[in-house]
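J.: Sequence below, structure please.
(2 chains)
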Amino acid sequence: DTGVSQDPRHKITKRGQNVTFRCDPISEHNRLYWYRQTLGQGPEFLTYFQNEAQLEKSRLLSDRFSAERPKGSFSTLEIQRTEQGDSAMYLCASSSPPQLAGGEPHEQFFGPGTRLTVL
Amino acid sequence: DQQVKQNSPSLSVQEGRISILNCDYTNSMFDYFLWYKKYPAEGPTFLISISSIKDKNEDGRFTVFLNKSAKHLSLHIVPSQPGDSAVYFCAATPNTGNQFYFGTGTSLTVIP
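T.: Okay, here's the model as predicted:
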C-alpha cells in the first residue's frame, strides 16, 4: 500500500499528558500537511512542511503543539500538556510539487487520521 | 474567520437527479479550488479541482464551476448515485499551495 499512513489510529489520554502522532507520507511526495478536524467542521490547517523545512504554521497553533519532519520523510506531531479541547481527529496529507504533479496540481492525499480523546 | 464557507450542512437528492453543492470564499488571493469527498472513518479523498484562470472543469459525472466575481464555486454531480453519499468539502489555496482552507462540509445523501 503506497498511501499515507498514520499511527496510532486512536489515542486516549488523560489531561496533562503528552502525546505524539506519526505520519508516513507517500514516498515521492515532498510536501506534508497536518490538519485538525472536529465534529461538524472541515479540516483546519495546522502546519506545512516542504521536505524537512516547516514553511507554514497556523497562528491558531499554540506553543503546546510541535511538529517535525527531520529527514524529509515521515513527520511527527506532538501535543504537550493535553487539554480536553485538543480532542479531535488529526489528519496528515502529502502532495507533490505542483509543477511535478502527475495528477492535478495541489492534489493532496490524506491519511486515515488519528483520533485523539483527552479525558 | 471562515474564509471558505459551505452554507448547506446537508442535501438529499434522488438517484439519477443532479446534485449541486455550493461553496463561497472571501479571500481574493485564492488561486486554486478543490473538492474532497469523505466517508466515515476515512480521510478525505480528492475529487476534482479548478484553477482560478478557468470557470469550468469537468471529469466524468463531476463538474466544478467557478464564478470569481461572486467568489462562488459549485460542484455538480450528474447523475447522482447512492455511492455518492458522503460529506463533501470545498477547499481553497493560494498558488503556492502552502496553506489550504476548508469549508465545513455538506453531507450528501442520494436516495435510491
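J.: Can you tell me how far the residue nearest to residue B:83 when sequence neighbours are not counted is from chain A?
T.: Closest residue in space to residue B:83, ignoring its immediate chain neighbours: residue B:110 at 7.7 Å, by CB to CB, 6 or more residues apart in numbering or on different chains. For every residue, glycine as well, the C-beta is placed using N, CA and C. Going from residue B:110 to chain A by CB to the nearest CB, to the nearest Å gives 21 Å.
J.: check contacts around residue B:110.
T.: Applying CB atoms under 8 Å, 6 or more residues apart in numbering or on different chains, we find residue B:110 in contact with B:12, B:13, B:14, B:15, B:19, B:80, B:81, B:82, B:83, B:84, B:85.
J.: Would you mind listing which of those residues are buried?
T.: B:13, B:19, B:80, B:84, B:85 (16 or more other CB atoms under 10 Å in any protein chain shown).
J.: Which of those residues fall in strands?
T.: Using DSSP state E, the members of these that fall within strands are B:13, B:19.
J.: Just read off the phi/psi values of the nearest residue to residue B:42 once chain neighbours are set aside.
T.: In space, and not counting its chain neighbours, residue B:42 is closest to residue A:112: 5.9 Å by CB to CB, 6+ apart. Main-chain torsions, residue A:112, degrees, to the nearest 10: phi -80, psi -10.
J.: pLDDT weak spots in chain A?
T.: Within chain A, the ranges that satisfy pLDDT under 70 run A:1, A:98-105.
J.: what does chain A put close to chain B?
T.: Taking CB under 8 Å from any CB of the partner chain as the contact definition, chain A meets chain B at A:4, A:31, A:33, A:35, A:40-45, A:48, A:55-56, A:58, A:91, A:93, A:95, A:98, A:103-113.
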